[in-house]
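>>> sequence? don't have it. structure:
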């Protein structure tokens with residue numbers, strides 16, 4: 001009986017790996033077609049863009065002045081992150097993305113896109129969001145929308 005089950009399990013595992021690779025290829029192809037891609041990056045991490053040659057690095061969180069949850073503030077504040085785009089050829093490009101307070105990935109307005117080297121980057125969310133009740137220390141994670149084929153700055 002095990003002689004029948006063991007090959008079936010191996011085949012199933014192989015099919016899962018092939019399917020995952022196919023999905024990854026489809027996502028890369030659609031990103032090159034101009035379809036926006038959403039990535040979440042931890043502070044200090046790097047990501048290769050869909051062209052396979054350009055690297056995006058989330059260097060650090062520069063500023064955190066967003067009004068904390070549970071607090072009453074005169075203004076919403078903002079958060080800024082430092083990113084570095086490393087094209088296959090040429091110099092690395094440092095740039096900053098900003099997100100106003102009370103703006104999250106599900107918010108329709110308020111995001112501030114930046115065009116760099118034929119890509120449009122938008123900081124959709126930065127976590128952890130400040131909270132008046134607890135200290136949100138540690139490294140941050142940024143959710144970034146990337147669109148290809150945009151004018152460069």
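Yes, it's here. Since we're looking at a predicted model, the values are computed, not measured.

>>> quick check: closest non-adjacent residue to residue 103.
residue 110 (4.0 Å; CB to CB, 6 or more residues apart in numbering). Where you see a C-beta, it was placed from the backbone N, CA and C, and this is true even at glycine.

>>> which segments of this protein make up each domain?
1-33, 36-148 (automatic domain parsing).

>>> which SS state does residue 41 fall under?
strand (DSSP: H, G, I helix; E, B strand; the rest coil).

>>> and the residue nearest to residue 103, how close does it get to residue 76?
Distance check for residue 110 against residue 76: by CB to CB, to the nearest Å, it reads 9 Å.

>>> overlap in contacts, the two.
100, 102-103 (CB atoms under 8 Å, 6 or more residues apart in numbering).

>>> PyMOL command for the buried members of those?
Here is the PyMOL command that selects the buried residues among the shared contacts of residue 110 and residue 76 (16 or more other CB atoms under 10 Å):
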select buried, resi 100+103
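
>>> and the shared contacts of residue 110 and residue 76 as a markdown table, adding secondary structure and pLDDT?
A markdown table is the format used below for the shared contacts of residue 110 and residue 76 (DSSP: H, G, I helix; E, B strand; the rest coil; pLDDT from 0 to 100):
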| residue | secondary structure | pLDDT |
| --- | --- | --- |
| 100 | strand | 92 |
| 102 | coil | 84 |
| 103 | coil | 85 |
